[in-house]
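**Student:** next come a sequence and a model predicted from it.
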Amino acid sequence: MSECPHVPGLPRPEPAAAGETCLACRADGSDYVQLRLCLHCGHVGCCDSSPARHATRHFESTGHPVMRSYEPGESWRWCFVDQTII
């Protein structure tokens, strides 16, 4: 894992999660595989293995570059811009 230039600009402390599940999946009745937390605003979206890919769609619409796994016991982070685990 490495740092990227987008990490220093993240809010500290980490933003609170906007929910406990992917609200977009709940709204459209779709299932998800795993959840991701936007480290800029706290949006919770489903991963790219999920049909709707709401975490990636959130990045595409907002430009918020870094998310982390929102799964119990996982703490890895991903930068969408640099396409790397950080």
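**Tutor:** That came in fine, so what should we check first?
**Student:** ok, and for stretch 35-43, which residues are buried?
**Tutor:** Of the residues in stretch 35-43, those buried under the neighbour-count criterion (16 or more other Cβ atoms under 10 Å) are 35-40, 43. (Each C-beta comes from the backbone N, C-alpha and C, glycine too.)
**Student:** out of those, which comes closest to residue 16?
**Tutor:** The closest of the buried residues of stretch 35-43 to residue 16 turns out to be residue 37 (Cβ to Cβ; 9.6 Å).
**Student:** how about the closest one, phi and psi?
**Tutor:** The phi and psi torsions at residue 37 (degrees, to the nearest 10) take the values phi -110, psi 120.
**Student:** now the helices for the protein?
**Tutor:** 23-28, 54-62 (DSSP state H).
**Student:** next, format the ones you listed as a markdown table and append mean pLDDT, distance to residue 69 and mean neighbour count.
**Tutor:** A markdown table is the format used below for those (pLDDT from 0 to 100; distance: least, Cβ to Cβ, whole Å; neighbours: other Cβ atoms under 10 Å):
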| stretch | mean pLDDT | distance to residue 69 | mean neighbour count |
| --- | --- | --- | --- |
| helix 23-28 | 96 | 16 | 14 |
| helix 54-62 | 98 | 10 | 18 |
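**Student:** and of those helices, who's closest to residue 13?
**Tutor:** With Cβ to Cβ as the yardstick, what comes closest out of the helices of the chain is helix 54-62 (19.9 Å).
**Student:** rewinding a little: among the buried residues of stretch 35-43, which pair sits farthest apart?
**Tutor:** 35 and 40 (16.0 Å).
**Student:** related to what we said a few turns ago, right, and the helices of the chain - which one's nearest residue 15?
**Tutor:** Of all the helices of the chain, helix 54-62 sits nearest to residue 15, with 12.9 Å by Cβ to Cβ.
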